[in-house]
Structures are given as C-alpha cells and as structure tokens.
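> What shape does this take:
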Amino acid sequence: MGLDGRYDEGNIFARILRGELPAARVFEDEHALAILDVFPQSRGHTLVLPRQPARNLLDIEPEALGALIQRVQRVARAVRDALQPDGLTISQFNGAAGGQSVFHLHFHVIPRWEGRPLGGHGQGGMAGPDELAQLADAIRARMG
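Numbers count the residues shown, from 1 in each chain. Just a heads-up that it's a prediction; the model follows:
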C-alpha cells in the first residue's frame, strides 16, 4: 500500500494509546506518548507517538507535528541523560517501502554506542519486561 492508505484504528500503537495493550511508558501528555520499543535496535530504544491519529508524517496537521517534535526532542534529551550513549539516531519511516511497519506516525529515539552494532529495525530479540521497566524508570527520572 502506498503513502495514501487509510488510518487503521486497530494498529498496535492506537491500541496502546487507548490503554488496550500494555507498554513500558516513559512519558505522556495530551500530545504524545513515549514508550520503549519491545524489539529494540539498541538498549533504550524509545518510540514517540502522537495522540492524534496519523498514518505517517504526511498525514498529521502541522500544529500537531510541531507539538510532537518538541516531545521527541524532550524524550531524546532524557534518553541521552539517563543512558549516556555516545550518540543518538532519531528516525521516522513513511510507507512500507520506506521501512514503516506500524502505520501510526512515530519517531524512533535510538541510543548509540561506539563499537556496538545497531540491530535491524524490528528484527532484534524481544526485550524482557524487567529490563524495560528499569529503563523506563531511568528515562522517566530524567524527563524533568
């Protein structure tokens, strides 16, 4: 399907936003929710989702995108402060051919360390609930 598909209210992120599925929540407010990726590419891989239904970057209203990117920056700073990585990769995919696998707009905040390879997008092993809870606590403590 191309970039112009319809928004699916049953996608996993929509279900997490509605509280139907659990997630390791790092931050939330009226604009966004940040959760830890259960299939992380790196330790502390965090996803930032808008509360507004939007399939991808091209579907969201500019005002909502502005609020969302401010939250992405805030979460990225907290991930940096909590985990002290050597760098961060912040990415966002649009459409299946662009690498998007869940069709609800989201940004990836991925901590990077020198000499540690990055896992494949959605291809790594599943993180355990205890590890996710500890990471969420550490990042949440730095949200300010």
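
> For the nearest residue to residue 60 once chain neighbours are set aside, give me its contacts.
Excluding the flanking residues, the one nearest residue 60 by Cβ to Cβ, 6 or more residues apart in numbering is residue 54, at 3.8 Å. Yep, even glycine has a C-beta here, placed from its N, CA and C like the rest. Counting by Cβ atoms under 8 Å, 6 or more residues apart in numbering, residue 54 makes contact with 7, 60, 64, 104, 105.

> Residue 54: which element?
Using DSSP states H and E, no element contains residue 54; it sits outside every helix and strand.

> pLDDT value on it, please?
On the pLDDT scale, residue 54 is placed at 97.

> how much space is there between it and residue 83?
28 Å (Cβ to Cβ, to the nearest Å).

> Tell me the secondary structure at residue 19.
Under DSSP: H, G, I helix; E, B strand; the rest coil, residue 19 falls in the coil class.

> count of neighbours near it?
8 (other Cβ atoms under 10 Å).

> residue contacts, it?
Here residue 19 is in contact with no residue (Cβ under 8 Å, 6+ apart).
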